[in-house]
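Q: coordinates only, sequence not included:
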């Protein structure tokens with residue numbers, strides 16, 4: 001197979017820049033007549049020897065390794081293998097073809113050089129000049145006049161100046177861009193109230209109903225919408241109309257700027273359109289995937305995806321193969337995706353590499369303020385803060401911490417972010433970012449919360465009921481142990497809303513691990529050859545790195561694979577939870593969560609989460625099983641009338657058993 005036909009020599013020969021692949025050399029609207037080799041040579045010469053160049057070489061080496069691995073897999077495929085995978089591919093293509101929906105009309109709109117166009121609109125003296133929004137470090141957008149020289153977005157400004165000496169730089173103004181973006185979205189609302197905005201300057205609109213109700217075509221809607229946007233903003237946009245979102249996006253790029261392209265809702269028209277379409281034009285196929293498909297299988301167009309379908313099914317995962325075949329058939333999304341609750345809010349900044357700690361702290365404070373403003377604007381608070389760092393060598397690191405309470409203020413964010421970055425210093429950085437996740441919407445009804453912190457569950461009490469008359473279960477220690485008793489709240493109290501704490505319903509996901517069970521304290525023995533686990537005392541007396549004899553566990557086999565000769569009760573009393581420790585001083589050995597040594601309280605809470613998982617999984621594995629040790633038998637008041645119980649809401653209905661059934665009295669002898 002001529003898999004690598006047409007690819008440049010590995011060392012580039014006397015033209016090494018030909019083998020230097022970067023994002024800057026890919027075609028973009030307005031760059032059709034650019035001398036690509038000249039641009040590639042300039043980029044190569046100006047990047048050579050830099051940290052960026054070294055990082056690109058490392059990534060290129062990793063890509064080549066992937067390509068060689070795929071080639072090796074391809075070489076060992078027999079005729080029988082290929083025949084088998086061809087049948088698999090044919091079946092997949094029949095299933096995909098059966099799902100084709102030509103009843104919808106989708107429109108994708110993309111503003112033309114949006115940031116640059118806004119700046120030109122605000123300052124007419126810039127009209128006709130090669131303009132770049134950004135700085136010498138990075139270009140955010142280039143005008144069409146600048147693109148004729150090979151200048152484009154995501155390119156360093158100093159390279160842009162080499163390609164176009166007359167390049168004019170304008171600093172970005174995102175408040176201004178957001179204002180104009182809101183104006184365009186008001187226009188989109190007229191045609192599709194549920195439009196999908198993918199950025200400030202792009203959106204997908206389902207115009208099916210508009211076309212039917214008004215008796216007009218998709219082409220007429222595109223003309224009308226583009227005219228309305230120009231009237232409202234003074235800016236131009238391009239549009240693409242097609243039967244699905246994937247192709248509509250491709251169509252909007254064909255007649256840029258200020259143009260449109262309409263693809264009829266016809267199967268043959270779609271197949272003809274994608275037959276010669278370069279694979280890189282498809283969203284989701286980037287530089288690395290393009291290289292792998294081209295250099296391993298010789299695939300350059302979407303139609304060639306179908307011709308090499310057997311190899312795609314043999315070499316790639318099922319989901320990847322399905323995607324590639326869908327691309328070859330011209331299939332894409334046709335239904336408006338359901339609106340999902342926002343998972344995170346983030347911001348990041350790129351700057352000239354520096355190891356000046358005072359400057360880094362200033363930039364961190366600015367990021368914390370921006371993140372706080374965004375959170376408060378959206379009405380969210382969060383618990384998990386992630387710090388993203390890109391070093392001067394382009395190494396990317398992420399460090400995260402989960403706070404005890406939901407936060408959204410600059411001061412709170414900065415406290416945790418400062419701790420995270422101090423743990424990494426000294427360090428030279430060129431990018432920093434902050435992301436807040438595990439969000440809680442302030443508008444949500446707190447009564448919908450289903451999970452509270454574990455320390456609320458394990459709290460001491462000397463009475464059998466609280467102020468509201470809620471019964472409290474008491475656990476009595478076995479003979480020989482301390483006489484201090486541990487009080488446990490009932491499920492009703494445990495699930496009651498806490499006026500001082502807002503809890504995200506997403507916390508129920510902490511109870512989804514499969515290999516943890518809860519062991520009574522006196523049964524936690526440690527053999528000489530086993531390691532100590534880092535578990536925190538639920539009563540709050542032990543730090544994460546102070547391990548006592550009561551926090552030691554021994555590993556065992558999975559609960560879902562019990563020895564057939566061992567009874568369920570024996571498994572219950574002898575199974576041990578996974579050990580938790582901090583790998584390299586900051587990575588949780590159970591879930592991979594990262595917490596530096598300075599976060600003692602956060603580590604304690606994180607260990608509590610795993611203890612909560614332990615409790616829940618014991619019941620999820622076998623709800624009928626009882627604790628055999630008498631020290632864990634709870635005293636419950638007898639009542640003739642059954643007490644109504646609140647139902648614990650879960651994302652997986654029926655999987656979790658109410659936690660109060662864990663503490664039922666066992667009348668059977670062990």
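A: Good, I have the coordinates. Keep in mind the model is a prediction, meaning the values are calculated, not measured.
Q: for residue 425, grab the count of nearby residues.
A: Residue 425: 11 surrounding residues under other C-beta atoms under 10 Å. For the C-beta atoms, the positions are set from N, CA and C on the backbone; glycine is no exception.
Q: that one should be in a strand, yeah?
A: No - read with DSSP: H, G, I helix; E, B strand; the rest coil, residue 425 is coil and lies in no strand.
Q: on the pLDDT front, check it for me.
A: pLDDT recorded at residue 425 is 92.
Q: the nearest residue in space to it that is not next to it in sequence and residue 427, how far apart?
A: Spatial nearest neighbour of residue 425, excluding adjacent residues (C-beta to C-beta, 6 or more residues apart in numbering): residue 357 at 6.2 Å. Computed with C-beta to C-beta, to the nearest Å, the distance linking residue 357 and residue 427 is 9 Å.
Q: the more surrounded of these two?
A: residue 427 (16 against 13).
Q: these two touch, right, the more buried one and residue 391?
A: Yes - Residue 427 is within contact range of residue 391, at 6.4 Å (criterion: C-beta atoms under 8 Å).
Q: buried set for the host helix or strand of residue 83?
A: Secondary-structure assignment from DSSP states H and E places residue 83 in helix 79-98. Using 16 or more other C-beta atoms under 10 Å as the test for burial, helix 79-98 gives 85, 89, 92, 93.
Q: hmm, who's touching the helix or strand following that helix?
A: Next in sequence after helix 79-98, counting helices and strands by DSSP H and E, comes strand 106-111. For strand 106-111, the surrounding residues in contact (C-beta atoms under 8 Å, 6 or more residues apart in numbering) are 117, 184, 188, 191, 201-207, 218, 221-222, 225-226, 229, 235-245, 248-249, 251-253, 256, 334.
Q: cool, and stretch 244-261?
A: 29-30, 101, 104, 106-110, 112-113, 144, 196, 204, 219, 222-223, 226, 236-242, 262-263, 270, 273-274, 277, 281-283, 327, 330-334.
Q: try it again at 6 Å.
A: 29, 106, 108, 110, 112, 144, 204, 222, 236, 238-240, 242, 263, 281, 283, 332-334 (C-beta atoms under 6 Å, 6 or more residues apart in numbering).
Q: quick one: low-confidence residue ranges for the chain.
A: 1-14, 16-27, 443-586, 592-606, 608-670 (pLDDT under 70).
Q: buried set for the longest helix along it?
A: Across the chain, the longest stretch assigned as helix under DSSP state H is helix 51-75. By neighbour count with 16+ other C-beta under 10 Å, helix 51-75 contains the buried residues 51, 52, 53, 55, 56, 60, 63, 67, 70, 71, 74.
Q: can you check stretch 43-50 too?
A: Buried residues in stretch 43-50 (16+ other C-beta under 10 Å): 43, 44, 46, 47.
Q: swap in stretch 287-300?
A: 287, 289-300.
Q: those: which two are farthest apart?
A: Using C-beta to C-beta, the pair of the buried residues of stretch 287-300 lying farthest apart is 287 and 298, separated by 17.3 Å.
Q: dump the residue contacts of the spatially closest residue to residue 82 that is not a sequence neighbour.
A: Distance criterion C-beta to C-beta, 6+ apart; nearest residue to residue 82, sequence neighbours excluded, is residue 310 at 5.2 Å. Residues in contact with residue 310 (C-beta under 6 Å, 6+ apart) are 82, 85, 86, 89.
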